[in-house]
Every structure is written in C-alpha cells, then in structure tokens.
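Visitor: Have a look; sequence and predicted model below, questions after that.
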Amino acid sequence: MTSASTILLFAQVVLLFHDLPQATAVSPSSPSVSIHPTDLGCPPALDIDPCVCTVDGATADINMDCSDLIDNDQLKKVFEADFLFPDLNKLVIQGTTGRVGIRKLEADTFGKVSFKHITISYTELNTVEASAFANSFPTIQTMEVTDNLFEFFPFEILAECEKLETLYVQNNMLKHVSVLHSNSLTHFDASGNSDLKYEDEIFQTAPMLATINLSNIGLGHIAPLTFAYQQRLSSLELQNNNIDYLYENALKFMSSSVISLNLDNNRIGTVESNAITGMQSGSTLQLKGNMLTDLPQNVWENVFISLKGDNTIEMDDNLIDCACNIKWLVSNNDYLTTLSEGKECDDKTSIHDPALINFINQHC
C-alpha cells in the first residue's frame, strides 16, 4: 500500500470515530445500567400492537403472540416494524372466543421475519400462498395451521423445509393433499377435513413419518402399500371414516416400531388375506364399530399371531356370526387373550362367553 493510500485510510478512520457518540467513563461508584433482554429482542410495543413480543430469559428465544389481531392490515403493519433480530422462535395466532379476522397469508405478510414454530388456529384464514413462509423455509420445525377456513395448502413447500418435523392441518376445509416430499417430517395430521382426497403415493417420499392421522376425512379406500414406506411409523389413525373393504397389502407395514393402528367406526365388512401384515409384536389393532361378519382363519390367524399379547386386538360392536367358523379362535387360549373382551357377535354376545366357547368346542 502506498503512503498516500495509508494516509487516506487513516483519515477515513478518524472521521468515522469523530462522528460516533463519545463514551462516558463509568466509575466504580456510578450506578450500573442494565438492559432487559426484551429491550434488545423485541420492537417497541406500540409498533407491534396488538401483538405481544416476549423473550425467554433462559433460552433467549423471541416469541410473538398475535391472537388479538383484527385483520390482515393490522398483521402486515406489525411485521413492518423494525426487528433487530428477525429470527423469531414462535408465532401464535389463535382465536379463543371467536375467529381471528386474518384471511390471507401472502409473500410480504411477515416482512423479513422468520420462525421456528408457527401456530395459526381458529381464524378466518382462507388463502395461504406458498411464499408466505419463504423466510422460514430454512428454520421452520413445527407448523400447526388448524381449525381455519382454507381449502388449499401449499404442501409443495415441504421439500424446501428441511427441518420441518411436525405439520398439523386438521379441521380446516382442505379438499386435497398432494404427495408429501420430506426427509424430516415425523408427525402429520390432516384429520377433520371432512371431504379430503389424496394421492395413493402421498407418503412414499416421507419415509420418516412416525405418526399419521387421517381420521374423520371421509376416507373410503386404502390403496395397497400406502403406508409401507415409513421406516418408523408408530401410530396410524384411520377411525371415523367410510372404509368398507381392505384389499391385500392395504395395510402392509415395514416399520421397525410397534404400531398403534386405529380403524374404529368405519364400515369394514370384508378383509382380504394379507391385508394387514408387518405389525410388530406389541402393536395394537382397533376395529371397534365396524361391520365384520366373519373371521376367516386364512385371513385373521396370522394377524393374531403377530399381535400376540394381552388385549392387543379390539373388535367390539361388530356383526360377527359366532358359530363353528370361529372355532380356530375360541379353541386357542393365546388368541382369546389377544382379543379384548367386547360384544363382537351379531347378537351382542362376547366371543369370550364361556357358554359360547363350550358349545362351539363340543359341537363343531
């Protein structure tokens, strides 16, 4: 560097420091000045009203509660405030006595702010643009967008949200779920969307899912191998639907985990051989409130063997013809132990009824 350049650089540094506020010496006797964490992490309260910003003293996480919002204009204005630290931990917009009046989430709704956890529940929200959460793609871990009014959700964003573990979209008005592309997603809940449709391959590219809830969505059909690609599946909830027939491989599992499978309150009357396979010892199967009329040995014996345990299969409130056709079951104490006691027979008798068991064993 030439001497002229050095002199010029030194002059610029001098000018820079000349413009800075002068430091004031603090003597040991001077009162200390403390800055509360919220003074650093949150914008001025008036700038984000009616939202409330707090900083966790233990973790330094910055959280926003905007449950008292009136409309979208107010929401947008809040996030136009100057966030010195825009990497927020949590956003909550949750109606209590009535729906929060926000209706649309757009590209500029949240300004430059990002979140790790989002809860938007019981609002008038009817439109969610894919770009609304763009700033949060690298950070988002939990997204709970429930009990709103939207029919469409941009599921394609999952491929860009590499830390997203939990996605709850239950009790909205969703009509369709596209194929989920995620190597991080572990919990998915779309229950309560009463007329929901989805692709047969919906979960093929979401191998880490541990819990899936598709209850109360009007489901009438399970395609073969729908849930065969989850390596750690532990809970599958399909209750309160319209399923009437289980085809071969419809519920084929390859998970190494113990699985809780709930099929209560459907219309299941026919189950093909090998429709339910791959459930590990200790797993549970709930089939209460269906329309089963028979338990063919070639269909059910392997299920009872794989689920051997205490009350691991429930079939209460079905229409089973309890006669010689179930001798294979009532003559095996292990199978009777596996079946939870209920009113499985068409005359509301229990398969565990000693009189029924004695009669079948004597006459069949």
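Guide: Yep, it's here. Numbering: from 1, shown residues only.
Visitor: For Val92, give the beta-bridge partners.
Guide: Asp65, Thr119 (DSSP bridges).
Visitor: Tell me how far it lies from Ile120.
Guide: Val92 is 8 Å from Ile120, where distance means CB to CB, to the nearest Å. Using the backbone N, CA and C atoms, a C-beta is placed for each residue, glycine as well.
Visitor: Which one's more surrounded, those two?
Guide: Ile120 (23 against 17; other CB atoms under 10 Å).
Visitor: Closest to the mean position in this structure, which residue would that be?
Guide: The structure's the chain has its C-alpha centroid closest to Phe188; by CA atoms, centre = their mean the separation is 3.2 Å.
Visitor: continuing past the helix or strand containing that one, what's the next helix or strand?
Guide: Element membership of Phe188 [criterion: DSSP states H and E] is strand 187-189. Per DSSP H and E, the first helix or strand lying C-terminal to strand 187-189 is strand 197-198.
Visitor: Can you list the strands that the next helix or strand along the chain from that next one pairs with?
Guide: Downstream of strand 197-198, the next assigned helix or strand under DSSP H and E is strand 211-213. Partner strands and pairing direction for strand 211-213 (DSSP bridges) are strand 187-189 (parallel), strand 235-237 (parallel).
Visitor: Mind listing residues that contact strand 211-213?
Guide: 170, 186-191, 203, 227, 230, 233-237 (CB atoms under 8 Å, 6 or more residues apart in numbering).
Visitor: change it to 10 Å
Guide: The set of residues external to strand 211-213 that reach it, using CB atoms under 10 Å, 6 or more residues apart in numbering, is 166, 168, 170, 186-192, 202-203, 206, 226-227, 230, 232-239, 260, 262.
Visitor: Redo the strands paired with strand 211-213 as JSON lines? Include distance to Phe79.
Guide: Output for the strands paired with strand 211-213, formatted as JSON lines (distance: least, CB to CB, whole Å):
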{"stretch": "strand 187-189", "distance to Phe79": "27"}
{"stretch": "strand 235-237", "distance to Phe79": "35"}
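Visitor: right, so of those strands, which gets closest to Thr109?
Guide: strand 187-189 (23.8 Å; CB to CB).
Visitor: Now that closest one: average pLDDT?
Guide: If you average the pLDDT over strand 187-189, you get 98.
Visitor: so how far is the strand holding Phe188 from its chain's centroid?
Guide: 2 Å (CA atoms, centre = their mean, to the nearest Å).
Visitor: What of stretch 353-364?
Guide: That offset, for stretch 353-364, works out to 46 Å (CA atoms, centre = their mean).
Visitor: CA atoms only for that stretch, dumped as PDB, please.
Guide: Taking C-alpha atoms only, stretch 353-364 is exported to PDB below (Å, rounded to 0.1, in the frame of the first residue of the first chain):
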ATOM      1  CA  ASP A 353     -68.600 -66.000  26.700                       C
ATOM      2  CA  PRO A 354     -67.900 -69.400  28.300                       C
ATOM      3  CA  ALA A 355     -71.200 -70.800  27.200                       C
ATOM      4  CA  LEU A 356     -70.400 -69.900  23.600                       C
ATOM      5  CA  ILE A 357     -66.900 -71.300  23.800                       C
ATOM      6  CA  ASN A 358     -68.100 -74.600  25.300                       C
ATOM      7  CA  PHE A 359     -70.900 -75.100  22.800                       C
ATOM      8  CA  ILE A 360     -68.500 -74.500  19.800                       C
ATOM      9  CA  ASN A 361     -65.800 -76.800  21.200                       C
ATOM     10  CA  GLN A 362     -68.400 -79.500  21.800                       C
ATOM     11  CA  HIS A 363     -70.400 -79.400  18.600                       C
ATOM     12  CA  CYS A 364     -68.000 -78.100  15.900                       C
END
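Visitor: got the buried residues for that stretch?
Guide: Judged by neighbour count (16 or more other CB atoms under 10 Å), stretch 353-364 contains these buried residues: 353, 356-357, 360.
Visitor: quick one on the thing from earlier: type out the PyMOL command that picks the buried ones from the contacts of strand 211-213.
Guide: Buried members of the contacts of strand 211-213, defined by 16+ other CB under 10 Å, are picked up in PyMOL with:
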select buried, resi 166+168+170+186+187+188+189+190+191+192+202+203+206+226+227+230+233+234+235+236+237+238+239+260+262
